[in-house]
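Q: any chance you could fold what I've pasted below:
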Amino acid sequence: MKNDTILIFLDVLGFKSLFEQHGLDYIYNKYDNLIKNTLDAAWARKFVGNYAVVMLAESPVNITYFSDTVILWLNDMNPLTLAATIDSLNELLCKSIEENFPLRGAISRGEAIMDKKNNIFLGKPLISAYMAEGALNLIGVTFSSDMGGKGLSLDPNMVLPYEKHYKLEKMELVKDGVIDYPKHWRNTRKTDIKEHIIKMKDSQIYESPELKSKCDKYYDNTIDFCNYSESVHNELWEKKLKS
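A: Below you'll find the predicted structure:
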């Protein structure tokens, strides 16, 4: 049965290198423990002490994995549900950096058939999110160009306007804006996210110098985005202090 669906398509950056370095059990544990547990825990925190916990005791986000791909989806367009989902996604992105399992991806929306029981996954959101993810040049999550629609509301405090997150030849596939997970990091952690990214970058092993140079750019672009997020935050505080 087809439904109006919010779909998040995630790719593990440097998956081949991680697989060759650590093996199958490592990857499996990352998928099962890191991703599912992080999302469930982050969702639960959003509703502790809130009446909504009675109605939404479990996350409405569905998850499936195959190879280097993680797909999340939900059919609830309630603004509170979407805000909680993006906040959970922020925590997942931060946790993935801490665990040396970097993720990049895109969010799309549209009619889709997401039948996990029968392993049937069809619809335009899958295509749009997949193509938008391929246009991304950093660790993080953006939006496909056709993301939107009547009745959809996203918390602007969770999305940072940004125009340097995509490959120029694929700019038509994405919207301007990236989930502001560096802000979430600063609000929930005492360490410097950039130090973790540099450490993660230096730990990667590649087949050739050319491949290393190509992949290093993703980490460098991510550091640029983190610096931008921090500068925007500092600028807003300066304006508040002066007002």
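Q: point out where this protein drops to low pLDDT.
A: By pLDDT under 70, the weakly predicted segments of the chain are 42-59, 148-154, 235-243.
Q: apply 90 and report the result again.
A: Applying pLDDT under 90 to the chain flags residues 1-4, 13-68, 74-88, 99-100, 115-120, 145-159, 161-177, 202-215, 232-243.
Q: where is the longest helix in it?
A: helix 209-242 (DSSP state H).
Q: for Lys124, give me its contacts.
A: Applying C-beta atoms under 8 Å, 6 or more residues apart in numbering, we find Lys124 in contact with Ser108, Gly110, Glu111, Ala112, Asp146. Glycine gets a C-beta too; all of them are placed from N, C-alpha and C.
Q: what's the spacing between the first one and Leu173?
A: Separation of Ser108 from Leu173 (C-beta to C-beta, to the nearest Å) stands at 10 Å.
Q: repeat for the fourth one
A: As judged by C-beta to C-beta, Ala112 and Leu173 stand 18 Å apart.
Q: now Asp216. Nearest residue, chain neighbours left out?
A: Excluding the flanking residues, the one nearest Asp216 by C-beta to C-beta, 6 or more residues apart in numbering is Lys201, at 6.3 Å.
Q: ranking by neighbours, what's the top pick from the contacts of Lys124?
A: Ranked by the number of neighbours (other C-beta atoms under 10 Å), those place Ser108 first, at 28 neighbours.
Q: hang on, that one packs against Met131?
A: No - here Ser108 does not reach Met131: they are 9.1 Å apart, not a contact under C-beta atoms under 8 Å.
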